[in-house]
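# Give the three-dimensional model of this entry:
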Amino acid sequence: MRQWVIEKGSSSLDGLKLVEAERPAPGPGEVLIRVRACSLNFRDQIIPLGRYMGGAVDRDTVPLSDGAGEVEAVGAGVTSVRVGDRVAGTFFQNWVDGPPNPQAGPALGAPPATGMLQDYVVLPERGVVPLAQSLSFEEAACLPCAGVTAWNALMEGPRPVQAGESVLVLGTGGVSLLALQIARAAGARVIATSSSDEKLERVRALGATEGINYRVVPAWGAEAARLAGGGVNHVVEVGGAGTLAQSIQAVGFAGEIALIGVLTREGDTSPHGLMFKGATLRGIFVGSRGMAERLNAFIDKHAIKPVIDRTFPIEQACDAWNYQGSASLFGKVVITL
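Just a heads-up that it's a prediction; the model follows:
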């Protein structure tokens, strides 16, 4: 079978190699999946570069956490899925539901776990979830990391988004666009930022009420607060240290910032703005299988379709990586198998 690997010690995309491997077989409690589509996340960009947690991979590693396919075979004792079922792997293989916990890992696509960019993969029964019925394999492959992250940020905390509230999303990557779609389906008003007026027109077409070009309006946090009538209720913060200060400017009294991203690594942020407004900062690291199940039900109910920018065949995976890192990106990059 075909399998992409990140070679041990990789520090560039040259460490990505397409190899032939033996098809695995499921053991007791395991599921063999014929993978049909995968998608990339920012995390997947930096793992081959040796810039993810712990540095360079310490063994040859199959990349990508996000993939969808169909059950090819099951091991003894498996009862929740059957041959032919359409399923996806969950980002954290042991996080079934409830709050974050130290036993949630491993996370697919980085050591010590395998990844999804291969024709067949064996996962434990607890680490797979049925797909949303309304989605194709390509669309469903966009959800295990980016979709569950957006869902967790908006719907799983102590203050789930309510109709009539305001949500600020940063940029037009996979998490931000899925958060926009979830928020709009929940009846919220969405403000989006981008450096491109053309992309802002596209997010308006997806339902964003307002758009802010942060190159034209450098103080975009204060502008978002103004547009929301004094502060937004929810900020989906994917930028990290370099954008957090402005997100604190944007959030309103008793609002919440869902801290997700590490897209920027440098910045100096005082927390006093949160204190003065009684706002909270909640860390988000993807989510559980239960969250994935609730997201899928919501997607089917509201007919949400993840935004796929470009699709590449498995042989052109390196081109997919290069496009994922380009300024043209709008939504998700998918690889088909």
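# Quick one: low-confidence residue ranges for the stretch 151-300 of the chain.
262-268 (pLDDT under 70).
# so how many other residues sit close to Asp60?
If you count neighbours by other CB atoms under 10 Å, Asp60 ends up with 16. Every C-beta, even on glycine, is put in place using the N, C-alpha and C of the backbone.
# Was I right to think it contacts Val5?
Yes. The pair Asp60 / Val5 is scored as a contact, 4.7 Å apart, by CB atoms under 8 Å.
# burial measure for the closest residue to Asn101 other than its chain neighbours, as a count.
Closest residue in space to Asn101, ignoring its immediate chain neighbours: Trp95 at 7.0 Å, by CB to CB, 6 or more residues apart in numbering. The tally of other residues near Trp95 (other CB under 10 Å) stands at 25.
# need the contact list for Trp95.
Neighbour list for Trp95: 101, 103-105, 287-289 [criterion: CB atoms under 8 Å, 6 or more residues apart in numbering].
# For it, pull up the helix or strand it's in.
Assigned by DSSP states H and E, Trp95 belongs to no helix or strand.
# ok, now Leu18?
Under the criterion of DSSP H and E, Leu18 resides in strand 16-20.
# strands paired with that strand, and their directions?
Using DSSP bridges, the strands paired with strand 16-20 are strand 2-6 (antiparallel).
# Okay, buried residues for the partner strand please.
For strand 2-6, the neighbour count (16 or more other CB atoms under 10 Å) marks 2-6 as buried.
# list the contacts for the residue located most distally from the centre of the chain?
The C-alpha centroid of the chain is most remote from Ala76, which lies 31.9 Å away (CA atoms, centre = their mean). Residues in contact with Ala76 (CB under 8 Å, 6+ apart) are 27-29.
# confidence score at it?
For Ala76, the pLDDT comes out at 98.
# Same check on the one 4 residues further on?
According to the predicted model, the pLDDT of Ser80 comes to 96.
# tell me the SS of the residue nearest the centre of the chain?
Taking CA atoms, centre = their mean, the centroid of the chain lies closest to Ala146, which sits 1.3 Å from it. Under DSSP: H, G, I helix; E, B strand; the rest coil, Ala146 falls in the helix class.
# What separation do you get for it and Val334?
Using CB to CB, to the nearest Å, one gets 12 Å for the distance from Ala146 to Val334.
# tell me, what's touching these two both at once?
Common neighbours of Ala146 and Val334 (CB under 8 Å, 6+ apart) are Ser39.
# Which residue ranges of the stretch 51-200 of the chain form strands?
Listed in chain order, the strands of the stretch 51-200 of the chain (DSSP state E, counting those that start in this stretch) span 66-74, 86-89, 120-124, 128-130, 166-170, 189-194.
# Let me have those strands in a markdown table, adding distance to Pro313 and mean neighbour count as columns.
A markdown table is the format used below for the strands of the stretch 51-200 of the chain (distance: least, CB to CB, whole Å; neighbours: other CB atoms under 10 Å):
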| stretch | distance to Pro313 | mean neighbour count |
| --- | --- | --- |
| strand 66-74 | 15 | 23 |
| strand 86-89 | 20 | 26 |
| strand 120-124 | 17 | 21 |
| strand 128-130 | 24 | 22 |
| strand 166-170 | 30 | 29 |
| strand 189-194 | 29 | 26 |
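# a markdown table for the ones you listed, including distance to Glu22?
Shown next, in a markdown table, are these (distance: least, CB to CB, whole Å):
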| stretch | distance to Glu22 |
| --- | --- |
| strand 66-74 | 14 |
| strand 86-89 | 20 |
| strand 120-124 | 10 |
| strand 128-130 | 21 |
| strand 166-170 | 43 |
| strand 189-194 | 45 |
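# would you list every one of the helices in the stretch 1-150 of the chain?
For the stretch 1-150 of the chain, the helices defined by DSSP state H, counting those that start in this stretch occupy 42-46, 137-140, 148-155.
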